[in-house]
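J.: here are the coordinates; sequence isn't available:
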């Protein structure tokens, strides 16, 4: 089948493209003929993330904004797309606080454009007239729209609250999470109103290779290596459920291959940790893997800074459904995933340098300064 990955030049998207084309760990039943990466190539989109597939006839990169419905429709038709895996989104909470409009446009309007274009595509291509239309891929279905979202749509948990699951009520607390909640509701509506075969996934905090350096782990890795102060919000006791990006991509592909249209599957790493403990573990891992660097101690490096507005206290996911129904489980512990992540950044200094200098976009960004 031909698969379109929106946001495929970004962090999670590029890891997903590598999985789809590399094949290692791909679930049975997801047979990939072609992958089309559709990406606006904003600050977080990087062609170098996909350099491995340059010249491979199975991969095509289309520099297209998901809000441009006409161009999206052209790409769907040109490449005869069967499956859309929709990851494109503005995702940095701090940026959404400073400038929420872009998040509404990309995450809400962009998702609407994608759903509308896909709906028209399956009609015009004749897929909607097939007796297999609307079925899951494992049931012989001929198309699918896989919508990828976040656990932040569920709001904040108390210390003793049960973890998020598929029936947790929505309670977003930031412009980012509110925009993602809106996109989730649109995906649900297109299934129930128009019969578009949609599967939704909501994931916990991802980490791993190719993550843009504004996010917690890659930012802290670079600052640790340089001996710079590590800013931690509040008292560092905010809790997140950490999910290695490779495990998440296997979860996405598993939901696409075996999920039931109209259903939601939450994907988590079964790894709740306080932010302060994450940073301390990161420092120790950098000390271990880069012994030639004079890395300071946690007490020397960590600085607590004013908490950001609306900072959710705790996220946690109960992935029992995708585990019990579809057979997915995370393979990485936080320790093993963190070692892989730190080692990747140590081995890919040129990738970091290109982002910090702005050369990957032809401008200077000043990340990490």
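T.: Here it is on my side, so go on. This structure is a prediction, so every number in the text was calculated from the model and none was measured.
J.: ranges for the helices of the stretch 201-350 of the chain?
T.: Counting by DSSP state H, counting those that start in this stretch, the segments of the stretch 201-350 of the chain that form helices are 216-226, 245-258, 275-289, 298-301, 320-326, 334-347, 349-357.
J.: what is the longest one packed up against?
T.: Meaning helix 275-289. Contact here means 3 or more CB pairs under 8 Å, 6 or more residues apart in numbering; DSSP states H and E; on that basis helix 275-289 packs against helix 216-226, strand 230-233, strand 239-244, helix 298-301, strand 302-305, helix 334-347. (Each C-beta comes from the backbone N, C-alpha and C, glycine too.)
J.: for these, give me TSV that also has mean pLDDT, mean neighbour count and distance to residue 47.
T.: Formatted as TSV, the helices and strands packed on helix 275-289 follow (pLDDT from 0 to 100; neighbours: other CB atoms under 10 Å; distance: least, CB to CB, whole Å):
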stretch	mean pLDDT	mean neighbour count	distance to residue 47
helix 216-226	94	20	18
strand 230-233	94	19	30
strand 239-244	97	24	24
helix 298-301	95	13	33
strand 302-305	95	13	34
helix 334-347	97	18	18
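J.: nearest to residue 21, of the ones you listed?
T.: Evaluated with CB to CB, the helices and strands packed on helix 275-289 place helix 334-347 nearest to residue 21, the distance being 18.5 Å.
J.: show me what that closest one is packed against.
T.: strand 205-207, helix 216-226, strand 239-244, helix 275-289.
J.: so residue 200 belongs to a strand, correct?
T.: Yes. Judged by DSSP: H, G, I helix; E, B strand; the rest coil, residue 200 forms part of a strand.
J.: okay, it: pLDDT?
T.: On the pLDDT scale, residue 200 is placed at 98.
J.: same check, this time on the one 10 residues further on
T.: With respect to pLDDT, residue 210 has a value of 96.
J.: what backbone torsions are found at it?
T.: phi 70, psi 10 (degrees, to the nearest 10).
J.: buried set for the lowest-mean-pLDDT helix or strand in the chain?
T.: Taking mean pLDDT, DSSP states H and E as the measure, the chain has helix 349-357 as its least confident helix or strand, at a mean of 86. For helix 349-357, burial by neighbour count (16 or more other CB atoms under 10 Å) applies to 351, 352, 355, 356.
J.: any chance of these in TSV with distance to residue 222 as columns?
T.: Putting the buried residues of helix 349-357 into TSV (distance: CB to CB, whole Å) gives the following:
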residue	distance to residue 222
351	11
352	6
355	10
356	8
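J.: and the helices of the stretch 201-350 of the chain: which comes nearest residue 75?
T.: helix 245-258 (18.7 Å).
J.: quick one, that closest one and strand 239-244 angle?
T.: In terms of direction (axes from the mean of the first three to the mean of the last three CA atoms, to 10 degrees), helix 245-258 departs from strand 239-244 by 80 degrees.
J.: gap between helix 245-258 and the chain center?
T.: The chain centroid and the centroid of helix 245-258 are separated by 11 Å under CA atoms, centre = their mean, to the nearest Å.
J.: and for stretch 189-209?
T.: For stretch 189-209, the distance to the chain centre is 11 Å (CA atoms, centre = their mean).
J.: what's the span of that stretch from first residue to last?
T.: Using CA to CA, to the nearest Å, one end of stretch 189-209 lies 34 Å from the other.
J.: next one: stretch 325-344
T.: 33 Å.
J.: got the helices of the stretch 201-350 of the chain as JSON lines, with distance to residue 26 columns?
T.: Below are those laid out as JSON lines (distance: least, CB to CB, whole Å):
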{"stretch": "helix 216-226", "distance to residue 26": "26"}
{"stretch": "helix 245-258", "distance to residue 26": "6"}
{"stretch": "helix 275-289", "distance to residue 26": "29"}
{"stretch": "helix 298-301", "distance to residue 26": "39"}
{"stretch": "helix 320-326", "distance to residue 26": "14"}
{"stretch": "helix 334-347", "distance to residue 26": "19"}
{"stretch": "helix 349-357", "distance to residue 26": "25"}
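J.: closest one to residue 48 among those?
T.: Here helix 349-357 is closest among the helices of the stretch 201-350 of the chain (CB to CB), at 6.4 Å.
J.: which neighbouring elements make contact with that closest one?
T.: Packed next to helix 349-357, using 3+ CB pairs under 8 Å, 6+ apart, is no helix or strand.
J.: gap between that helix and the chain center?
T.: That offset, for helix 349-357, works out to 21 Å (CA atoms, centre = their mean).
J.: between helix 216-226 and that helix, find me the angle.
T.: Going by the same axes, to 10 degrees, helix 349-357 makes 100 degrees with helix 216-226.
J.: quick check: buried residues in stretch 57-71?
T.: 59, 60, 61, 62, 64, 65, 66, 67, 69, 71.
J.: circling back to that earlier point, of the buried residues of helix 349-357, which is the nearest to residue 89?
T.: For those, the nearest to residue 89 is residue 355 (19.2 Å; CB to CB).
J.: save the helices and strands packed on helix 275-289 as TSV, and put in distance to residue 150 too.
T.: Shown next, in TSV, are those (distance: least, CB to CB, whole Å):
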stretch	distance to residue 150
helix 216-226	15
strand 230-233	18
strand 239-244	11
helix 298-301	29
strand 302-305	24
helix 334-347	18
